[in-house]
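Asker: Sequence and predicted model, in that order:
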Amino acid sequence: MLKLQPDYAPAYAGLATASAIMRANFAPPGEAKYWGERAMREAKRALELDPDLAEAHLSLAAVYRFSEF
């Protein structure tokens, strides 16, 4: 979807949530940092594109939930 529509905020929000879950549940210890950074980057991008998108705010919450706590 992002290749067709690179400014589609819901796709970035979905990537952020999926990356946060990947970091928390599936990433090997050596890759956890990568997935956490990617999750944060995608969540911030979603919010930049559409600050009023609820899914973008939920994805940022997921990043904090799975990465910071």
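Answerer: Arrived safely, thanks for sending.
Asker: Please count neighbours and contacts with C-alpha atoms only from this point.
Answerer: Will do.
Asker: Touching stretch 21-31 from outside, list them.
Answerer: Residues from elsewhere that reach stretch 21-31 (C-alpha atoms under 8 Å, 6 or more residues apart in numbering): 32-33, 35-36, 62, 66-67.
Asker: May I see the buried residues of it?
Answerer: By neighbour count on 16 or more other C-alpha atoms under 10 Å, the buried set for stretch 21-31 is 21-24, 27.
Asker: what's the next secondary structure element after the strand or helix carrying Met40?
Answerer: Using DSSP states H and E, Met40 sits within helix 32-49. Counting by DSSP H and E, the next helix or strand C-terminal to helix 32-49 is helix 54-63.
Asker: Pull the residues that contact that following helix.
Answerer: 9-10, 12-14, 16-17, 20-21, 36, 39-40, 43-44, 46-47, 50.
Asker: how close does Glu55 sit to Tyr12?
Answerer: The spacing between Glu55 and Tyr12, counted by C-alpha to C-alpha, to the nearest Å, is 9 Å.
Asker: my bad, Leu2
Answerer: 8 Å.
Asker: and what of Pro6?
Answerer: 9 Å.
Asker: So for those two, which residue has more residues nearby?
Answerer: More crowded of Pro6 and Tyr12, by other C-alpha atoms under 10 Å: Tyr12, with 26 against 11.
Asker: Am I right that that one is in contact with Ala46?
Answerer: Yes - between Tyr12 and Ala46 there is a contact under C-alpha atoms under 8 Å: 5.1 Å.
Asker: pLDDT at Leu47, what is it?
Answerer: Looking at Leu47, its pLDDT stands at 98.
Asker: That one - nearest residue in space that isn't next to it in sequence?
Answerer: Ala56 (5.6 Å; C-alpha to C-alpha, 6 or more residues apart in numbering).
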